[in-house]
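In: Okay, sequence plus prediction incoming.
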Amino acid sequence: MRVDRPSVCPLDCPDTCSLTVTVEEDRIVQIRGSRANSLTAGVICTKVARDFPDFVHGERRLLTPLRRVGRKGEGVFERISWDQALDLVHERVTAVVLEHGPQAVLPLNYAGPHGFLAYASMDLRFFHRLGASLLDRKPLCGGIRTEAWLGTFGPVPGIRPEQVALAKLVIAWGNNVTWSNLHLTSLINQARRRNGAKLVVVDPRRTKIAEQADLHVALRPGTDVVLAWAVTAELERRGGLDPEFIRRHVHGFEAYMARVREVRVADAARICGVPEAEIRQLAEWYQTLSPAAISVGNGLERNQNGGSGIRAVFALPALTGKLGVPGSGLVNGAGFAFPKTPGRLGRPDLAPPGTRTLNIVDVGAHLNDPTLRPPIKAVFIYNHNPLIVHPDQNRMRRGLVREDLFAVGCDVVMTDSMTYCDVVLPASSHFESHDLYPSYGHHWLQRAEPVIPPVGESLPNTEIFRRLAARFGFDGPIFRASDAELMDDAVDPADARLAGIPPSRLPTDRALAMTADGEDFVLFRSVFPKTPTGKVELESSYLAEKYGQPLPGYRLYESSYPLVLISPASDRRISSTFGGSKASDGTPPLEMHPEDAERRGLRSGTWVRVWNDLGEVHLPLKVTDVVPPGVVATFKGTWLRTSDNGQTVSALVPGHHADLSGGACFNDTRVEVAAYR
Ligand code: SF4
């Protein structure tokens with residue numbers, strides 16, 4: 001018998017769609033959008049509808065615990081029982097702890113699933129109690145933007161995406177909404193249809209939404225701060241700043257403007273590689289069109305100036321007084337709309353005082369560092385595919401292949417990273433477990449129950465770490481907490497918006513709006529900055545103290561390699577999730593501008609080698625003007641089977657840090673390209 005059951009998409013995507021899942025004899029046969037969440041309103045992306053059933057039931061699904069019997073990376077395993085697997089993990093990790101101390105153990109997890117429970121709950125309790133090294137995960141993606149937001153506005157939300165429909169100007173800055181923020185596209189279309197809104201897209205690549213825009217500013221990657229400064233300088237010259245709003249609500253105006261005023265439009269045009277007229281047009285529209293909504297995506301954070309670029313864009317509505325009005329401001333900071341209680345959920349207080357914190361971006365370097373004390377001798381890889389998504393893939397591989405490293409893997413399917421693990425534990429997908437879902441792109445809280453029982457012998461992440469905690473002798477109710485109790489620890493049950501309903505009992509057929517006393521969050525109307533000064537901080541004491549960055553800055557990234565390589569998200573994967581699906585079988589093309597191709601004597605269809613000092617990848621060339629001269633692009637997240645030499649685009653990405661959050665700099669990749677075969 002076929003039945004429809006409600007669920008929620010858990011993937012690393014700002015939209016967190018509500019779903020209807022059709023189940024027949026414990027198998028998922030269809031996934032559609034549902035209307036439980038009025039924002040996502042029955043619409044979902046193609047990849048989830050197409051690929052999720054096979055992800056759950058396909059041939060790559062992990063059905064039992066496994067022990068490695070081949071070489072690391074070879075992918076040869078034998079089946080073992082859960083008892084054997086837990087015993088082996090306990091025995092090997094205990095030996096590491098006895099010889100090197102607990103900090104020689106590292107959880108290497110990221111954001112495969114985004115529900116509170118699967119993402120970071122019982123697992124963190126386990127690692128904190130063990131005394132394992134702590135991992136700062138945000139630098140891999142999103143951390144730079146979050147830190148820029150915290151420094152500028154503090155922990156408060158921006159406008160909810162639905163307000164974009166009210167705008168007369170929408171700016172999608174570094175956000176390929178068609179593929180990575182789907183529901184913003186329909187809100188932009190509503191704004192254009194109803195209000196005649198102008199659409200500006202700032203993106204080095206001519207994405208689909210850029211093709212539809214009234215103005216597409218195809219800037220050179222990593223120069224967003226210069227562009228935003230030039231727009232600000234032009235606004236000041238045109239009388240477009242709001243002195244009264246600035247006087248009352250902005251901190252650090254003069255110090256900030258001292259930098260801005262050094263930027264002439266002509267200089268910015270040269271640095272950013274865009275016509276002066278486009279900078280002036282953007283400034284004119286930003287001055288004259290209100291309400292104006294800006295959505296800052298992840299694209300502009302992935303370089304050494306990433307935090308500065310985002311801060312300079314965040315400054316625009318404050319300098320022009322375009323806050324406090326519905327439909328105006330920034331569609332960012334959604335995560336701060338939820339009453340999260342991470343201290344109760346993950347129990348960081350259990351970690352011994354002085355436990356070191358490692359930046360996730362540096363894990364590959366640490367795994368290869370003979371001077372690191374204590375060395376990393378055991379890793380737990382879960383919710384993550386580090387071999388595919390970390391910068392400097394070859395360095396990560398050299399780390400994971402170490403025979404003296406004990407690696408525990410935990411995933412739904414056999415990934416490239418799992419093949420390097422000594423023990424692989426089969427995790428249930430979110431369709432097989434309970435969870436509660438916040439979002440980083442909208443203001444709706446959602447809960448989902450399992451729609452099918454665990455496939456094979458798989459277990460939810462929470463149960464896997466409950467069993468590990470018991471094996472390690474971690475006693476006490478917090479290690480036995482049920483999934484319902486964990487949900488009740490994930491958000492504040494006393495928050496008025498829950499109306500007394502425990503989080504674990506929220507209805508699954510509708511989403512709960514996160515509002516400010518029933519009103520939409522609108523900065524300077526229903527919510528105010530929570531910075532040290534209570535103002536919008538263009539000069540930030542928080543960022544000065546944490547990163548030595550009181551003000552945004554710009555540094556030229558220098559390299560002997562001539563081309564900038566960007567590697568944005570594709571429409572076939574969420575980062576590397578679904579990289580094992582049929583739709584991801586092919587090797588993605590390298591897009592190159594005709595001028596760059598001609599200079600190298602290259603034609604579309606030619607296989608090219610793309611290289612720098614870190615590695616080399618082989619890709620089919622696509623000569624196209626969707627990228628500007630000097631910039632080449634390919635898509636991130638493909639698995640090793642798409643490569644003929646065991647390297648994908650991450651092999652070319654340098655491991656240095658951005659100006660905020662110690663963040664990854666994917667777009668600082670510089671390469672040369674030549675014919676390969
Ligand atoms: S990946 Fe994003 S757009 Fe696609 S179903 Fe999930 S939340 Fe919705």
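Out: All right, it came through fine.

In: since we're on the closest residue to the ligand within the stretch 151-300 of the chain, how many residues are nearby?
Out: Closest contact between the stretch 151-300 of the chain and the ligand, by C-beta to the nearest ligand atom, is at Leu182 (4.4 Å). Using the backbone N, CA and C atoms, a C-beta is placed for each residue, glycine as well. A count of neighbours around Leu182, defined by other C-beta atoms under 10 Å, yields 21.

In: need the contact list for it.
Out: 15, 43-45 (C-beta atoms under 8 Å, 6 or more residues apart in numbering).

In: Please repeat the previous calculation with a cut-off of 6 Å.
Out: Counting by C-beta atoms under 6 Å, 6 or more residues apart in numbering, Leu182 makes contact with 15, 45.

In: if I look at it, how far off is Asp625?
Out: To Asp625, Leu182 is 26 Å away according to C-beta to C-beta, to the nearest Å.

In: got it, and Arg2?
Out: 48 Å.

In: With Arg125 instead?
Out: With distances taken as C-beta to C-beta, Arg125 is found 52 Å from Asp625.

In: now swap in His183 and tell me
Out: Relative to Asp625, and taking C-beta to C-beta, His183 is found at 29 Å.

In: Settle it for me: which of these two has more neighbours?
Out: Between His183 and Asp625, counting by other C-beta under 10 Å, His183 is the more crowded of the two (25 against 13).

In: Can you tell me the SS state at the more buried one?
Out: Three-state assignment for His183 (DSSP: H, G, I helix; E, B strand; the rest coil): helix.

In: Wait, it touches Pro14, no?
Out: No - counting by C-beta atoms under 6 Å, Pro14 is not a contact partner of His183; they are 8.7 Å apart.

In: and the worst-scoring helix or strand of the chain on mean pLDDT, how far from the chain's centre?
Out: Least confident helix or strand, the chain: helix 177-180 with a mean of 94, by mean pLDDT, DSSP states H and E. Distance, stretch centre to chain centre, for helix 177-180: 13 Å (C-alpha atoms, centre = their mean, to the nearest Å).

In: Check stretch 68-80 too.
Out: Stretch 68-80 has its C-alpha centroid displaced from the chain centroid by 31 Å (C-alpha atoms, centre = their mean).

In: Could I get the CA-only coordinates of it as PDB?
Out: Extracted in PDB, the C-alpha atoms of stretch 68-80 (Å, rounded to 0.1, in the frame of the first residue of the first chain):
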ATOM      1  CA  ARG A  68      38.600  -2.600   6.000                       C
ATOM      2  CA  VAL A  69      40.600  -5.500   4.600                       C
ATOM      3  CA  GLY A  70      42.100  -3.800   1.600                       C
ATOM      4  CA  ARG A  71      44.500  -0.900   1.400                       C
ATOM      5  CA  LYS A  72      43.300   2.500   2.500                       C
ATOM      6  CA  GLY A  73      41.400   4.000  -0.300                       C
ATOM      7  CA  GLU A  74      40.900   0.700  -2.100                       C
ATOM      8  CA  GLY A  75      37.400   0.200  -0.900                       C
ATOM      9  CA  VAL A  76      37.700  -3.500   0.100                       C
ATOM     10  CA  PHE A  77      35.800  -4.300   3.300                       C
ATOM     11  CA  GLU A  78      34.300  -7.300   5.100                       C
ATOM     12  CA  ARG A  79      31.100  -7.300   6.900                       C
ATOM     13  CA  ILE A  80      31.100  -7.300  10.700                       C
END
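
In: what does the average pLDDT come to for that stretch?
Out: When pLDDT is averaged over stretch 68-80, the result is 98.

In: And for the residue nearest to the spatial centre of the chain, nearest residue in space, chain neighbours not counted?
Out: The residue lying closest to the centre of the chain (C-alpha atoms, centre = their mean) is Cys141, at 4.3 Å. Nearest non-adjacent residue to Cys141, counting by C-beta to C-beta, 6 or more residues apart in numbering: Asn298, 6.1 Å away.

In: Any figure for the gap between the one you found and Ser567?
Out: 12 Å.

In: Check Glu301 too.
Out: Glu301 is 14 Å from Ser567, by C-beta to C-beta.

In: more crowded one of those two?
Out: Each of Glu301 and Ser567 has its neighbours counted (other C-beta under 10 Å); Glu301 has more, 31 against 22.

In: pretty sure that one contacts Gly142?
Out: No - contact criterion C-beta under 6 Å: Glu301 and Gly142 do not qualify, at 7.6 Å.

In: and Arg220, how many neighbours?
Out: Per other C-beta under 10 Å, the neighbour tally for Arg220 reads 20.

In: hang on, I meant Gly518
Out: Neighbours of Gly518 (other C-beta under 10 Å): 9.

In: now do Pro552
Out: 31.

In: Look up how far Trp229 lies from it.
Out: Distance from Pro552 to Trp229, by C-beta to C-beta: 8 Å.

In: intersection of neighbour lists for the two?
Out: Jointly contacting Pro552 and Trp229 under the rule C-beta under 6 Å, 6+ apart are Ala312.

In: What residues sit buried inside stretch 37-56?
Out: 37, 39-40, 43-45, 47-48, 51-56 (16 or more other C-beta atoms under 10 Å).

In: for stretch 197-213, same thing?
Out: Those would be 197-207, 209-210, 213, for stretch 197-213 by 16+ other C-beta under 10 Å.

In: Any idea how far apart the tips of stretch 647-660 sit?
Out: 28 Å (C-alpha to C-alpha, to the nearest Å).

In: now do stretch 134-154
Out: The straight-line separation of the ends of stretch 134-154 (C-alpha to C-alpha) is 24 Å.

In: Now do the same contact list for Phe524.
Out: Contacts of Phe524 by C-beta under 6 Å, 6+ apart are 323-324.

In: Ramachandran angles for it?
Out: With angles defined as degrees, to the nearest 10, Phe524 sits at phi 70, psi 20.

In: Any stretches of the stretch 401-550 of the chain with poor pLDDT?
Out: For the stretch 401-550 of the chain, no stretch has pLDDT under 70.

In: got the residues of it near the ligand?
Out: Taking C-beta under 6 Å from any ligand atom as the criterion, the ligand has no neighbours within the stretch 401-550 of the chain.

In: can you give me the strands in the stretch 401-550 of the chain?
Out: 406-411, 423-426, 435-437, 444-448, 512-513, 536-537 (DSSP state E, counting those that start in this stretch).

In: need these in TSV with mean neighbour count, can you?
Out: Listed next are the strands of the stretch 401-550 of the chain as TSV, based on neighbours: other C-beta atoms under 10 Å:
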stretch	mean neighbour count
strand 406-411	24
strand 423-426	25
strand 435-437	27
strand 444-448	26
strand 512-513	18
strand 536-537	28
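
In: so Tyr676 sits right up against Trp611, yeah?
Out: No - in this structure, Tyr676 is not within contact of Trp611 by C-beta under 6 Å, at 9.8 Å.

In: what separates the closest residue to the ligand within the stretch 501-650 of the chain from Cys45, distance-wise?
Out: Nearest residue of the stretch 501-650 of the chain to the ligand (C-beta to the nearest ligand atom) works out as Ile574 at 5.4 Å. Going from Ile574 to Cys45 by C-beta to C-beta gives 9 Å.

In: same deal with Leu445?
Out: In terms of C-beta to C-beta, Leu445 sits 21 Å off from Cys45.

In: ditto for Phe465
Out: Distance from Phe465 to Cys45, by C-beta to C-beta: 30 Å.

In: ok, how many other residues are close to the closest residue to Asp404 other than its chain neighbours?
Out: Once flanking residues are discounted, Asp404 sits nearest to Lys377: 6.8 Å by C-beta to C-beta, 6+ apart. Per other C-beta under 10 Å, the neighbour tally for Lys377 reads 21.

In: pull the CA atoms of the particular helix or strand that has Leu619 in it into CSV?
Out: According to DSSP states H and E, Leu619 maps onto strand 616-623. Provided in CSV are the C-alpha atoms of strand 616-623 (Å, rounded to 0.1, in the frame of the first residue of the first chain):
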residue,chain,number,x,y,z
GLU,A,616,46.4,18.7,-11.7
VAL,A,617,42.9,17.8,-12.9
HIS,A,618,41.7,16.8,-16.3
LEU,A,619,38.5,18.2,-17.6
PRO,A,620,36.7,18.7,-20.9
LEU,A,621,36.8,22.3,-22.1
LYS,A,622,33.8,24.4,-22.8
VAL,A,623,34.6,27.7,-24.5
